[in-house]
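Student: Provided below are the primary sequence and the corresponding predicted coordinates.
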Amino acid sequence: QGQGGPNMGRAGPGGQGAMPGMMPGNIPQSNPSANFSHNAGNRNSESRNPAGDDNGGDGGSMIGPSIPEGSDGGNKSGMEGLVPTQDPILAAAWGGWVMTPDGQMTRQPIVYTRSVLYPPNPNATAPTLRDKPPGCRTVFIGGVPEKADEDVIRDVFEKCGPIQTIRINKKNFAHIRYMNEAPVDQAVLLSGWRIKVDNCSDLPYTSKLHVDYAQARDDQQAYERMQTQIERDERMQRRMILDMNRPPSPPSKPTFSNREAQRLTEELKTEENYENAAETLVFWLATGECNKNNSILFFNMIQAALTHVKKLASEKHDYEEQLKALKQQWRIKLDMTTLQFSKIETVLSSCTVQKVWDHFTKAQRKNITGWKTQFQEAKSDFDRKKALPPDSSDEDDNESAAAVSLAPPKSKKAKKGNSAIQPMDHDSLKAATENWIKRQSEGRAMSEDTTTPMDEDSSEAARTTSAEAEVMRTELAEKNKKIELLQQTLQGLQTQLLELHQKGNSTAKEEQKAKETSPPLPGNDPKLVAILSTYMMAHPYALSTNTIWQHVNTIDSTFSTEKVKEVLENYPDCFQKDANKKWKFVAF
């Protein structure tokens, strides 16, 4: 509650400020035992004392509870008749601003059991606070009155939170260490307030408090321990998460021994433990456990592992026989279903003959037509899904045959790295399409010769078939055009590739010829040109002839300055002189 007032910040609660934007229900109410003075004389006296010399009400400048009549300021009777403030910390947080019964905002002292805290002068300089140390739980209290004992200090500051220890020094200051960190921020709000023990204005009983953060070794050690514990908990949590997400470790393999080898031999003969035993045997063989001394044991284990071969072969044979029987049953069921579909189709065709169709009523004809539609849908679905279960051996044979048929023929004259692009076999595809259309037309002609004259439904089906054939021919023609266009494109690409290849060969030959015909550099010029090029290429700026010669001299002292200058001038394609008579490397 003591951290929400308008006087928050590093200056403590003693500064000026109103209470904007706060609800009246959150404002501390006025103390009925406090007598307020609002006359002009008191305000003038406050304005004449801007330095904050608040004498506890002497001269009428302070607002607060007055001493009852007949009591002496130095006696303890100064607290008689005063009612303690209901929420002292809330009142301190608001800087002493409270609401009077008539709704006016004014500052009011805070009344405790054995003391009274008076707010600082409105014109006084706000007290400053040091930076709060991390984990601070101790506050420094300066300006403690001589007559203030531990009970008075505890009565004032225990309202902020539970106190662990109080240490009072004879030099009028004290240290309070709280049980946690939160009360420290509330306690520093009382900095700048004047305390009056027993509401007495004498010097031993009154003083101006200065509350600030204290840098205690115990707080620092406790904070470091807490941070260490937090880091340890975070590490443990991360480790737990990693352990949860880490895949399980593989089971450990037993160490090789003669006894383990005999046990493994027995496990290899059983079906229950064969998998784990085989993995162990492979592990021993991979780690080099087999040697000349124990080769007999490994031979026995390998022999035991191979005892399952005959059994597996016999089981595979039995499974293949069962598969063949199931495929035979599937074929029989498929033939029976096909025969039933043909019988049903015969019945429907017979009932749609004209001389039979005329005897049915309109409703009966409608039902027969619906049944015929359902039959056509069921038959088309059956024909689409009619297939034998896949056989692994048949699939392998089909895949190998397809691979052989689809593999392009290898040319004997083809060279490595110069494979030509094979054009698509358009003629064979066109011939196969024509043969398929021819077979379809022959089948339709044979069916027309062997069957009775078609009724209205059969003629409609024939027209639909012919329309589908026309559509297929149109699609085939479009595909032929696309194939021809692709062939032309491929031929153009082949031509371009050949031209590029020929150009590349000619360019390489010209470069090789130029290299062969270029005359070699005379004398020691190649070495000097190499040294100069390497040095000047790495240097960002132009260089003088003397600088270049100094570098050359460090490598080979046989070259003179005149030789270096001669080489720089003889090869203008590599070295160029600027306006300042300095050389640059311009070969690149």
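Tutor: Done, it's in. Residues are numbered from 1 along each chain as shown.

Student: Next one, pLDDT for Asn123 please.
Tutor: In this model, Asn123 is scored at 82, pLDDT.

Student: Report the secondary structure state of it.
Tutor: Of the three states, Asn123 takes coil according to DSSP: H, G, I helix; E, B strand; the rest coil.

Student: Next up, phi/psi of it, please.
Tutor: Note on Asn123: backbone dihedrals following degrees, to the nearest 10 are phi -90, psi 0.

Student: Adjust the sequence numbering to begin at 860 for everything that follows.
Tutor: Shifting the count to begin at 860 puts that one at Asn982.

Student: Tell me the spacing between it and Arg966.
Tutor: Counting by CB to CB, to the nearest Å, the separation of Asn982 from Arg966 is 13 Å. For glycine as for every other residue, the C-beta is placed from the backbone atoms N, C-alpha and C.

Student: Which one of the two is surrounded by more residues?
Tutor: Arg966 (19 against 13; other CB atoms under 10 Å).

Student: then stretch 967-976 to PDB, C-alphas only?
Tutor: Presented in PDB, the C-alpha positions along stretch 967-976 are these (Å, rounded to 0.1, in the frame of the first residue of the first chain):
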ATOM      1  CA  GLN A 967      -1.700  15.500   8.800                       C
ATOM      2  CA  PRO A 968       0.900  13.900  11.100                       C
ATOM      3  CA  ILE A 969       1.000  10.200  11.700                       C
ATOM      4  CA  VAL A 970       0.200   9.200  15.300                       C
ATOM      5  CA  TYR A 971       1.900   6.000  16.700                       C
ATOM      6  CA  THR A 972       1.600   4.500  20.200                       C
ATOM      7  CA  ARG A 973       4.600   6.300  21.700                       C
ATOM      8  CA  SER A 974       5.500   8.900  19.100                       C
ATOM      9  CA  VAL A 975       4.200  11.200  16.400                       C
ATOM     10  CA  LEU A 976       5.600  11.700  12.900                       C
END
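
Student: looking only at pLDDT, what's the mean for it?
Tutor: 89.

Student: Residues contacting stretch 1435-1446, please?
Tutor: Outside stretch 1435-1446, the residues within contact range by CB atoms under 8 Å, 6 or more residues apart in numbering are 1391-1392, 1395-1396, 1398, 1401-1404, 1407, 1427, 1432-1434.

Student: Please point out which parts of that stretch sit buried.
Tutor: Trp1442, Phe1444 (16 or more other CB atoms under 10 Å).

Student: CA atoms of that stretch as PDB?
Tutor: Extracted C-alpha coordinates of stretch 1435-1446, given in PDB (Å, rounded to 0.1, in the frame of the first residue of the first chain):
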ATOM      1  CA  GLN A1435      51.600   2.300 -64.900                       C
ATOM      2  CA  LYS A1436      53.100   5.700 -63.700                       C
ATOM      3  CA  ASP A1437      50.700   8.400 -62.400                       C
ATOM      4  CA  ALA A1438      51.100  12.200 -62.300                       C
ATOM      5  CA  ASN A1439      53.200  12.000 -59.100                       C
ATOM      6  CA  LYS A1440      55.700   9.700 -60.800                       C
ATOM      7  CA  LYS A1441      54.500   6.700 -58.700                       C
ATOM      8  CA  TRP A1442      53.800   3.300 -60.000                       C
ATOM      9  CA  LYS A1443      50.600   1.200 -59.800                       C
ATOM     10  CA  PHE A1444      49.800  -2.300 -60.600                       C
ATOM     11  CA  VAL A1445      47.200  -2.300 -63.500                       C
ATOM     12  CA  ALA A1446      47.400  -5.800 -64.900                       C
END
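
Student: Which parts of the stretch 1160-1309 of the chain are helices?
Tutor: 1167-1210, 1213-1216, 1221-1244, 1251-1265, 1285-1309 (DSSP state H, counting those that start in this stretch).

Student: Select from these the stretch with the lowest mean pLDDT.
Tutor: Among the helices of the stretch 1160-1309 of the chain, helix 1251-1265 has the lowest mean pLDDT, at a mean of 45.

Student: Distance check, Gln1199 against Thr1205.
Tutor: As for Gln1199, its distance to Thr1205 is 11 Å (criterion: CB to CB).

Student: beta partners for Gln1435?
Tutor: Applying DSSP bridges to Gln1435 yields these beta-bridge partners: Lys1443.

Student: try Ile1000
Tutor: Note on Ile1000: beta-bridge partners Ala1033, Val1070, judged by DSSP bridges.

Student: which residues sit in contact with it?
Tutor: The contact partners of Ile1000, by CB under 8 Å, 6+ apart, come to Ile1012, Phe1016, Phe1032, Ala1033, His1034, Ile1035, Leu1068, His1069, Val1070.
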